[in-house]
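*Asks:* next one to model:
(one chain, ligands or ions: 1)
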Amino acid sequence: MTIKEMEKETAFDSALSQLEKACEILQVGGDVLKVLREPQKITLASILVQLDNGSTEVFQGYRVQHNNARGPYKGGIRFHPRVDLDEVKALSFWMSIKTAVLDVPYGGAKGGVTVDPKKLSQKELERLSRGFVRQFYSVIGPDQDIPAPDVYTNSQVMAWMSDEYSTIAGKKEPAAFTGKPIEIGGSIDRDTSTSQGGVYVLEEVIKHRFKSRKKPLTVAIYGIGNVGGGAAEILHYANNDFKVVALADSKNAVYNPHGFDVPFLLAQKHEEGTIAGFKGAKEITHEELLTLGVDILIPAALENTITAENADGVQAKLILEMANGPVTPEAEKILLKNGTLIVPDILVNAGGVTVSYFEWSQNKSGFYWDSEEVQAKLAKKMKTAYKNVLEISKTYKTDLRTAAYILAVSKIVKAQGQLGV
Ligand code: GLU
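*Replies:* Alright, predicted model coming up:
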């Protein structure tokens, strides 16, 4: 077994073991577990793409539909060289849990293509995106399964996919995809919704658990892509409540105890491709960033960032999981023992799918909202979900991740039962 396979197994297995734990606490039987462990439908297809040099390449495509008891399947499409069936299965499972925690009327699904999109031209990327829709047309749709962006897919990819879908359907179907550009039916603020949703949860957590702490609270952010970079910027502008003192991209980590001018740092990254050498920044290692004496640590990169090896060194009192699965199960045990509060991914990063739901609703009604309305509704959804999870964690005397699973599983099981399964 390769390291990659072991990592993947850990991610899916730990998700399933959380599911088992929740089922045990809820005292639901083995049949429920059987139903939730396996996706309802898996579709595989080869996608043929003509390259600019005239040759043809074949890419492997996936759409895994985990569960639709609570509504149509929903979840992003990932373009990445390491995408495979196991990964897409795990991600589809996470989507069923996320949509239930946030109480948006969807099930869970995920799609992917095994491809390195950085090696394709824009025209080739467009042909791949359109090819995906032609191959998966029969299993997706506005009331069946609604894809969205994920790693290395964006609003432009959604625009091509949406256009291809409408062309085959013979009519405009804007609600078949979310995360589209605003000009063709996308929602205002969908692009920042994952980061903003996480910050709304953070505000609530602070109200309940960190009331007496001196402001500004210091923050270290590991990963400054769309989600981590967005969060850094929002926290930077948040009334001096927070001070972003450390940031890392995949190559460098920087520290400044006085706090960073985040927009300038991100502008440098954009222009020069690096955060190294920024004014006032001390270069540190990635490991040092994870163990800094800050109030809040935000892992916003890939899975398995905080492991059994470094968990004991984490000094932050609060970990806000913007990435999917950044804390391994072994690390979680150590952190919980040390009294670290972990606010889980299935709650913290669910702002994206929540505004996807708003986009879909706007497409269906044909009536579009302004930023104020989107933000008010997103804040309400995120804060309510947090309060519900907190309540359950108190009732069952358990951590927030287990509480979120209990909430999600009980909703899915109830819906499944009402459908007669
Ligand atoms: N890809 C995002 C996620 O994993 C968004 C999914 C969506 O908007 O449907 O949460």
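*Asks:* how far away is L347 from G223?
*Replies:* For L347, the distance to G223 equals 18 Å [C-beta to C-beta, to the nearest Å]. Placement of C-beta: from N, CA and C, glycine included.
*Asks:* and if you look at V205?
*Replies:* Applying C-beta to C-beta to V205 and G223 gives a distance of 20 Å.
*Asks:* which single residue in the stretch 1-150 of the chain comes nearest to the ligand?
*Replies:* Residue of the stretch 1-150 of the chain nearest the ligand, by C-beta to the nearest ligand atom: G76 (2.8 Å).
*Asks:* that residue belongs to a strand?
*Replies:* Yes - under DSSP: H, G, I helix; E, B strand; the rest coil, G76 sits within a strand.
*Asks:* of V205 and G223, who's got more company?
*Replies:* Neighbour comparison, V205 and G223: the larger count goes to G223, with 23 against 19 (by other C-beta atoms under 10 Å).
*Asks:* residues in contact with the residue nearest to that one when sequence neighbours are not counted?
*Replies:* Nearest non-adjacent residue to G223, counting by C-beta to C-beta, 6 or more residues apart in numbering: A301, 3.1 Å away. Contact partners of A301, counting by C-beta atoms under 8 Å, 6 or more residues apart in numbering, are 222-223, 225, 228, 248, 250, 323, 326.
*Asks:* can I assume A301 sits in a strand?
*Replies:* No - per three-state DSSP, A301 lies outside any strand segment and is coil.
*Asks:* give the rounded mean pLDDT of stretch 177-190.
*Replies:* Averaged over stretch 177-190, pLDDT sits at 98.
*Asks:* same check on stretch 240-259?
*Replies:* Computed over stretch 240-259, the mean pLDDT rounds to 95.
*Asks:* what about that stretch, start to end distance?
*Replies:* One end of stretch 240-259 sits 11 Å from the other (C-alpha to C-alpha, to the nearest Å).
*Asks:* got the buried residues for that stretch?
*Replies:* For stretch 240-259, a neighbour-count test (16 or more other C-beta atoms under 10 Å) marks 242-249, 252-256, 259 as buried.
*Asks:* which two in these are spaced the farthest apart?
*Replies:* Farthest-apart pair in those is F242 and N252; separation 21.6 Å (C-beta to C-beta).
*Asks:* where is the longest strand in this structure?
*Replies:* Across the chain, the longest stretch assigned as strand under DSSP state E is strand 56-67.
*Asks:* is the ligand contacted by it?
*Replies:* No - using C-beta under 6 Å from any ligand atom, strand 56-67 stays clear of the ligand, with a minimum separation of 12.4 Å.
*Asks:* in which helix or strand would I find the closest residue in space to K21 that isn't next to it in sequence?
*Replies:* For K21, ignoring the flanking residues on the chain, the nearest one in space by C-beta to C-beta, 6+ apart is T402 at 5.8 Å. Assessed by DSSP states H and E, T402 sits inside helix 400-418.
*Asks:* try A15
*Replies:* With DSSP H and E as criterion, A15 is part of helix 3-26.
*Asks:* which other helices and strands does the helix or strand following that helix contact?
*Replies:* Next helix or strand after helix 3-26 toward the C-terminus (DSSP H and E): helix 30-37. In terms of contacts (3 or more C-beta pairs under 8 Å, 6 or more residues apart in numbering; DSSP states H and E), helix 30-37 is packed against helix 3-26, helix 400-418.
*Asks:* was I right about I412 contacting G71?
*Replies:* No - between I412 and G71 there is no contact under C-beta atoms under 8 Å: 10.8 Å.
*Asks:* contacting residues for Q50?
*Replies:* 56, 127.
*Asks:* wait, I meant L290
*Replies:* Contacts for L290 (C-beta under 8 Å, 6+ apart) come out as 220, 222, 297, 305-306, 310, 313-314.
*Asks:* of all those residues, which comes closest to the ligand?
*Replies:* For the contacts of L290, the nearest to the ligand is T305 (17.3 Å; C-beta to the nearest ligand atom).
*Asks:* of all the contacts of A301, which two lie farthest apart?
*Replies:* S250 and P326 (14.2 Å).
*Asks:* how many residues are close by F210?
*Replies:* For F210, using other C-beta under 10 Å, the count is 17.
*Asks:* would you check that it makes contact with L217?
*Replies:* Yes - between F210 and L217 there is a contact under C-beta under 8 Å: 6.9 Å.
*Asks:* got the residues of the stretch 301-421 of the chain near the ligand?
*Replies:* Counting by C-beta under 6 Å from any ligand atom, the stretch 301-421 of the chain sits next to the ligand at 352-353, 356.
*Asks:* in terms of helices and strands, where is A231?
*Replies:* A231 belongs to helix 226-236 when elements are defined using DSSP H and E.
*Asks:* what pLDDT does the residue nearest to G223 get?
*Replies:* 87.
*Asks:* buried residues in the host helix or strand of S166, which are they?
*Replies:* Taking DSSP H and E as the definition, one finds S166 inside helix 155-169. Residues of helix 155-169 classed as buried by neighbour count (16+ other C-beta under 10 Å): 155, 157-166.
*Asks:* go on, stretch 368-377?
*Replies:* Neighbour count says stretch 368-377 has 369, 374-375, 377 buried, by 16+ other C-beta under 10 Å.
*Asks:* which among those residues gets closest to the ligand?
*Replies:* Looking across the buried residues of stretch 368-377 and measuring by C-beta to the nearest ligand atom, the closest to the ligand is V374, at 13.9 Å.
*Asks:* now do the contacts for the closest residue to the ligand within the stretch 251-400 of the chain.
*Replies:* In the stretch 251-400 of the chain, no residue comes nearer to the ligand than S356, which is 3.2 Å away by C-beta to the nearest ligand atom. Shown in contact with S356 (C-beta under 8 Å, 6+ apart): 74, 146, 148, 178-179, 187, 190, 193.
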